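Undergrad: here are the coordinates; sequence isn't available:
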């Protein structure tokens, strides 16, 4: 977005008189041509991106964390000493999911919920979060002209929908708001109350002053309310995660205490992906959230709420790329391959749901560990479709789950959602690379120079298994050095076909789906999970056991959750926080990791070099960057 304005950010800001921290003069904002209003908003957002550094947090562990038991008090842990500051980064905007959730919660009253209907198509115009470089969608901090246009259209559309109905305006601002003449006391209360919820903090006097000027303009009452609602919903404080805590953390140069309202927002958007609710705002206003007991109470409440499950499942969906499946092939080969299984989008949906059921079972229902998640052979799918694929009976959701047949399935790696392919053939390279990247945090980037045909599929051979064909393709010194790092993981998973069905014999089909014969599967492989000589595994169950016992896999899981929580890649300065998350996972299990991240200093403070808190804007300044 800022690249659109380029080096002229300071000229636009200074000539129009716009300040990032304050509202624009109503007479300029509302009386200006639409183009100027868009440029003004764009300049505001760019100025914010420059003036505020990344809301970083300290790389030192908390003095206390919550223990493994949900009912026990926090327990002291060892201290990790580090004074390193993580690098500054871009200002964080609300993700599309957070933005939509926040709007829904702002207007949750039955009389107001319908105000989102007129802007539903506008909301769908927002660019999708996530790209090739964003490990999680909330790490995508691009803000484009399309974002700005949508924010303005949504704010304007909602404001018009509210003031166009007595019932809606009354529900938002009270009976006094529908009077023909503006009731200043009523309007002042509205600005204070609605402004608190929109900005997730009380408005200061300087922020309220422009609204009071707006109220003195002698415009019709509904016009005043419409402009005020639009201003608030288009405010950078609403659209971005802005933290202004100015009190330096005692004894930690460069780290700053978050205010209670900033803590409330961090907690709410972390656990619920939405704005703080009334109870959390009350705890911030009374000072309760600033106490250890009050903070712990809110963390327990938020992390145990049903909305927390959705956020936790969101992490797993994105970590395991469960939403990237493009659908099944519709060709003859695939139809011959699937047999009696109904390979439909509903089948894949049920497979993803099974992962969520497994995760929920070991996080919220039964205290479980990372090892449990990787090794569990419990049948938790309630889908008859998926149960048919597994050749088991579906779980009723109430009784103790049954077990899969011995040596067939073990944990996440062996569930259909992680095994299903779009066509009739497996791809050991893709499966192995996925496992190395996502479960072991090894990027395994391809070489800059690839030989001709390197990315093409292996040539079909009617007497060869899939593993034999793939292995033959990279059976040269120039290829083995790279492929030996990840291909063996895919070979061990060859005990499952492209639908995730367990097999010991591979039915060999050609490109047209014609049966050419069968051959026994070889699922033995030597993998290097942790530093050292490696370990030989025979099939996916043994592979799962090796990963479940791996310090590398445990550390990677905590590392992935760090990225999801803090919306950025880790740096050496974050090692203390990463170590603490690994300890929480080891001692407190899955729920301990999910909850205890809120007790780390990285979560409760922000890191910002003093010289980066404000910068001079010049025509040559680089928008979106902090010098």
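TA: Received, thanks. Predicted model only: the values in this text are computed from it and were never measured.
Undergrad: show me the strands in this protein, by range?
TA: 64-66, 74-76, 255-257, 505-509, 515-520, 524-527, 535-538, 605-607 (DSSP state E).
Undergrad: where among these is average confidence lowest?
TA: Ranked by mean pLDDT, the strands of the chain bottom out at strand 64-66, with a mean of 32.
Undergrad: deepest-packed of the strands of the chain, please.
TA: Comparing those by mean neighbour count (mean count of other Cβ atoms under 10 Å), strand 605-607 ranks first with a mean of 24. (C-beta placed from N, C-alpha, C; glycine too.)
Undergrad: remind me what it packs against, helices and strands.
TA: Helices and strands touching strand 605-607, by 3 or more Cβ pairs under 8 Å, 6 or more residues apart in numbering; DSSP states H and E, are strand 255-257.
Undergrad: quick check, distance from the strand it packs on to the centre of its chain.
TA: 24 Å (Cα atoms, centre = their mean, to the nearest Å).
Undergrad: give me the neighbour count for residue 593.
TA: Applying other Cβ atoms under 10 Å, we find 24 residues neighbouring residue 593.
Undergrad: my guess is it meets residue 583, correct?
TA: No: in this structure residue 593 lies outside contact range of residue 583 using Cβ atoms under 8 Å: 9.5 Å.
Undergrad: look at residue 410 and report its pLDDT.
TA: 89.
Undergrad: now do the contacts for it.
TA: Residues in contact with residue 410 (Cβ atoms under 8 Å, 6 or more residues apart in numbering) are 374, 375, 376, 377, 540, 541, 544, 545.
Undergrad: those in helices, which ones?
TA: 374, 375, 540, 541, 544, 545 (DSSP state H).
Undergrad: next, format these as TSV and append distance to residue 246, pLDDT and neighbour count.
TA: Shown next, in TSV, are the ones in helices among the contacts of residue 410 (distance: Cβ to Cβ, whole Å; pLDDT from 0 to 100; neighbours: other Cβ atoms under 10 Å):
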residue	distance to residue 246	pLDDT	neighbour count
374	44	97	24
375	48	96	20
540	54	96	24
541	55	96	23
544	49	97	23
545	51	96	17
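Undergrad: so how far is residue 493 from the residue lying closest to residue 433 once chain neighbours are set aside?
TA: Counting by Cβ to Cβ, 6 or more residues apart in numbering, residue 486 is the residue found nearest to residue 433 once chain neighbours are left out, at 4.9 Å. As for residue 486, its distance to residue 493 is 12 Å (criterion: Cβ to Cβ, to the nearest Å).
Undergrad: what residues are shared contacts of these two?
TA: Contacts common to residue 486 and residue 493, judged by Cβ under 8 Å, 6+ apart, are 432, 435.
Undergrad: for the nearest residue to residue 557 once chain neighbours are set aside, what are its contacts?
TA: Excluding its sequence neighbours, the residue lying closest to residue 557 (Cβ to Cβ, 6+ apart) is residue 370, at 5.7 Å. Each residue near residue 370 by Cβ under 8 Å, 6+ apart is listed here: 548, 553, 554, 557, 585, 589, 590.
Undergrad: kindly recompute the last result at 6 Å.
TA: With contact set as Cβ atoms under 6 Å, 6 or more residues apart in numbering, residue 370 has these partners: 554, 557, 585.
Undergrad: before we move on, what about residue 361?
TA: residue 380.
Undergrad: how close does it get to residue 115?
TA: 38 Å.
Undergrad: same thing with residue 407?
TA: Relative to residue 115, and taking Cβ to Cβ, residue 407 is found at 56 Å.
Undergrad: ok, these two, which is more surrounded?
TA: More crowded of residue 407 and residue 115, by other Cβ under 10 Å: residue 115, with 24 against 14.
Undergrad: state the distance from the most centrally placed residue in the chain to residue 563.
TA: Centroid-nearest residue in the chain, with Cα atoms, centre = their mean: residue 138, separated by 4.5 Å. Plainly put, residue 138 is 9 Å away from residue 563 if you go by Cβ to Cβ.
Undergrad: how about residue 84?
TA: 18 Å.
Undergrad: wouldn't residue 130 be in contact with residue 140 here?
TA: Yes: contact criterion Cβ atoms under 6 Å: residue 130 and residue 140 qualify, at 5.3 Å.
Undergrad: what about the closest residue to residue 166 other than its chain neighbours, neighbour count?
TA: Spatial nearest neighbour of residue 166, chain neighbours left out: residue 178 (5.0 Å); criterion: Cβ to Cβ, 6+ apart. Other residues near residue 178 come to 19 when the count uses other Cβ under 10 Å.
Undergrad: can you name the residues that contact residue 178?
TA: Contacts of residue 178 (Cβ under 6 Å, 6+ apart): 166, 169, 170.
Undergrad: where in this structure is the helix or strand with the lowest mean pLDDT?
TA: helix 9-16 (a mean of 27; mean pLDDT, DSSP states H and E).
Undergrad: about what we covered before: between the contacts of residue 178, which has the most around it?
TA: residue 169 (24 neighbours).
Undergrad: that one and residue 212, how far apart?
TA: 20 Å.
Undergrad: now swap in residue 579 and tell me
TA: Counting by Cβ to Cβ, the separation of residue 579 from residue 212 is 51 Å.
Undergrad: can you put the contacts of residue 370 in TSV and add neighbour count?
TA: Formatted as TSV, those follow (neighbours: other Cβ atoms under 10 Å):
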residue	neighbour count
554	19
557	23
585	21
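Undergrad: among those residues, name the ones in helices.
TA: 554, 557, 585.
Undergrad: looking at these, which one is closest to residue 390?
TA: The closest of these to residue 390 turns out to be residue 557 (Cβ to Cβ; 25.2 Å).
Undergrad: check what pLDDT that closest one gets.
TA: 97.
Undergrad: start at 581, not 1
TA: All right, first residue 581 from here; so that's residue 1137.
Undergrad: for the stretch 831-980 of the chain, which segments count as helices?
TA: Assigned by DSSP state H, counting those that start in this stretch, the stretch 831-980 of the chain shows helices spanning 840-851, 858-866, 872-884, 886-899, 912-918, 925-940, 950-955, 964-970.
Undergrad: ok, the stretch 631-780 of the chain next?
TA: Under DSSP H, counting those that start in this stretch, the stretch 631-780 of the chain gives helices at 676-686, 690-693, 700-703, 725-743, 746-753, 764-779.
Undergrad: if we can go back for a sec, between residue 664 and residue 1143, which is the more surrounded one?
TA: residue 1143 (20 against 15).
Undergrad: now that one, nearest residue through space, not along the chain?
TA: Counting by Cβ to Cβ, 6+ apart, the residue nearest residue 1143 is residue 715, at 5.4 Å.
Undergrad: surely that neighbour touches residue 1144?
TA: No: Residue 715 lies out of contact with residue 1144 (Cβ under 6 Å); the separation is 8.2 Å.
Undergrad: buried residues in stretch 848-863?
TA: Neighbour-count burial for stretch 848-863 flags 848-857, 860-861, 863 (criterion: 16 or more other Cβ atoms under 10 Å).
Undergrad: alright, I will stop here.
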